[in-house]
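Colleague: Sharing a model prediction with you, sequence too.
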Amino acid sequence: MYREILIPEYLTKFSCIGASCEDTCCAGWKVAVDKTTFQKYRNISKPGIKEELKKYITRERSNPSDFSYGKIKMTENNVCTMLTEDGWCKIQAELGEEFLCHTCSVYPRIVKEVDNRLEKSLTPSCPEAARLMLLNETGINFIIDEEQTKKNILVDAKLDSKEKPHFWELRMFTIEMLQNRKQSLDVRLIVIGMFFQKISEIPIKDWAIQLEPIMTRYKNILNDDEQIQLLLNLPENLSFQMNMAKELLSYRLMGGISSQRYLDCVNDMINSLQLNDETDINDSILLYKRFYAEYYAPFMREHEYILENYAVNYVFKNLFPFDQPNLFESFVMLSVNISIIKLHLIGMAGHHKGLTTELVIKLIQSYAKTIEHDLAYLQNVREMLNESGYSTMAHMIVLLKS
Ligand code: SF4
């Protein structure tokens with residue numbers, strides 16, 4: 001059956017680069033096998049692959065579901081056992097693409113359903129996807145396409161806009177604000193946060209009348225240089241960034257990072273900012289400021305579209321602002337992800353004496369693969385924000401502008 005599908009334009013250009021991939025999706029991840037595919041594997045009679053499927057694809061015993069009915073074993077080096085030495089998938093090579101499980105056939109695509117219409121995007125945890133979505137200087141465009149799909153297609157999440165009022169207006173407003181290059185991305189995010197704080201104070205029943213004029217007012221703030229200057233004059237405070245960096249340090253020490261690519265980025269940051277127990281935090285702050293001014297800011301003056309594209313893709317694929325318990329928290333988590341990425345990049349810039357688009361892609365891709373999917377880590381960050389009183393707009397302004 002043919003269905004209408006809303007996609008970012010970059011998706012039409014994506015194809016997996018297979019054996020040339022620098023961080024194949026089969027590395028470092030547990031691959032869940034859905035029930036239908038698992039049963040198909042048990043009926044394979046082709047010698048060789050039949051035995052391998054039996055040996056390496058076993059039942060999922062913890063919290064099994066139709067989606068996560070079996071799992072593929074990983075090697076000691078955390079690589080999929082169904083991968084050949086030259087990096088190709090044995091299942092696809094020997095049995096054909098239709099024998100891939102849901103996880104492998106869909107990745108790196110994220111499929112959502114909004115009001116019965118499908119939406120598809122890519123996750124930046126795939127290096128090829130990250131390049132396509134992030135390195136587009138003119139920004140991300142969205143198009144409506146038509147696609148042949150199965151009747152009961154598995155989707156990652158569904159949203160009914162009758163239950164989430166004004167979803168379309170709020171998401172479109174956020175994307176429009178993020179893509180307004182009149183101000184820096186930090187300023188755009190601050191004004192978006194002020195907007196969400198404002199509407200969180202208004203009863204939802206009044207939004208039908210009040211939302212439109214409030215959106216217009218906040219769009220206009222981006223043209224008001226005097227008001228922007230007042231925001232930017234607020235005092236800076238880098239203590240949260242440093243606490244976040246220390247949290248990443250203990251995450252590394254606890255063995256939470258299995259991706260070597262991400263570990264390289266974290267080590268560059270920790271070493272260049274001297275974030276170890278013996279160093280005074282004020283020395284790390286001075287280094288952060290120096291690397292920001294000497295390397296990060298000049299690079300970002302030319303390449304801020306990379307972070308803008310990351311934010312726009314995040315908003316689209318996560319069904320923002322309904323991806324967290326409340327609207328303001330959705331904004332906080334978007335900002336925290338951007339701030340963590342920025343912190344890494346400033347540290348990496350200090351280590352490499354500058355930034356390149358390759359370094360930025362390496363960081364965002366490996367960060368997305370390691371952290372964006374680690375709900376426990378993000379939960380820790382959220383608790384840290386709450387404990388230090390950072391989940392207020394005043395603190396978010398300080399965090400974003402530092
Ligand atoms: S990470 Fe992306 S490019 Fe690499 S093997 Fe997987 S789908 Fe292909």
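Modeller: Cool, the structure landed.
Colleague: Look at the residue in the stretch 101-250 of the chain positioned nearest to the ligand and report its pLDDT.
Modeller: Nearest residue of the stretch 101-250 of the chain to the ligand, counting by CB to the nearest ligand atom: residue 126, 3.2 Å away. The way it works is simple: take the backbone N, C-alpha and C, and place the C-beta from them, glycine included. Model confidence at residue 126, given as pLDDT, is 95.
Colleague: so it sits right up against residue 361, yeah?
Modeller: No: when contacts are counted by CB atoms under 8 Å, residue 126 is not listed as touching residue 361 (11.0 Å).
Colleague: between those two, who's got more neighbours?
Modeller: Comparing residue 126 with residue 361 by other CB atoms under 10 Å, the one with more neighbours is residue 126, at 24 against 19.
Colleague: residues contacting that one?
Modeller: Shown in contact with residue 126 (CB atoms under 8 Å, 6 or more residues apart in numbering): 16, 21, 25, 107-108, 365.
Colleague: what do you get if the cut-off is 7 Å, keeping everything else the same?
Modeller: Listed by CB atoms under 7 Å, 6 or more residues apart in numbering, the contact set of residue 126 reads 25, 108.
Colleague: and it, backbone torsions?
Modeller: Torsion angles at residue 126 (phi, psi; degrees, to the nearest 10) stand at phi -100, psi 130.
Colleague: so where do the strands sit in this structure?
Modeller: Applying DSSP state E to the chain gives strands spanning 2-8, 31-33, 57-59, 70-72, 109-114, 117-122, 142-148, 157-159.
Colleague: could those strands be laid out in a markdown table, adding mean neighbour count and distance to the ligand?
Modeller: Listed next are the strands of the chain as a markdown table, based on neighbours: other CB atoms under 10 Å; distance: least, CB to the nearest ligand atom, whole Å:
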| stretch | mean neighbour count | distance to the ligand |
| --- | --- | --- |
| strand 2-8 | 16 | 16 |
| strand 31-33 | 22 | 11 |
| strand 57-59 | 15 | 18 |
| strand 70-72 | 21 | 14 |
| strand 109-114 | 18 | 9 |
| strand 117-122 | 20 | 9 |
| strand 142-148 | 11 | 18 |
| strand 157-159 | 14 | 21 |
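Colleague: Columns mean pLDDT and distance to residue 331 on top of these, output as TSV?
Modeller: Formatted as TSV, the strands of the chain follow (pLDDT from 0 to 100; distance: least, CB to CB, whole Å):
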stretch	mean pLDDT	distance to residue 331
strand 2-8	91	21
strand 31-33	89	31
strand 57-59	94	41
strand 70-72	93	35
strand 109-114	94	20
strand 117-122	95	20
strand 142-148	89	21
strand 157-159	93	18
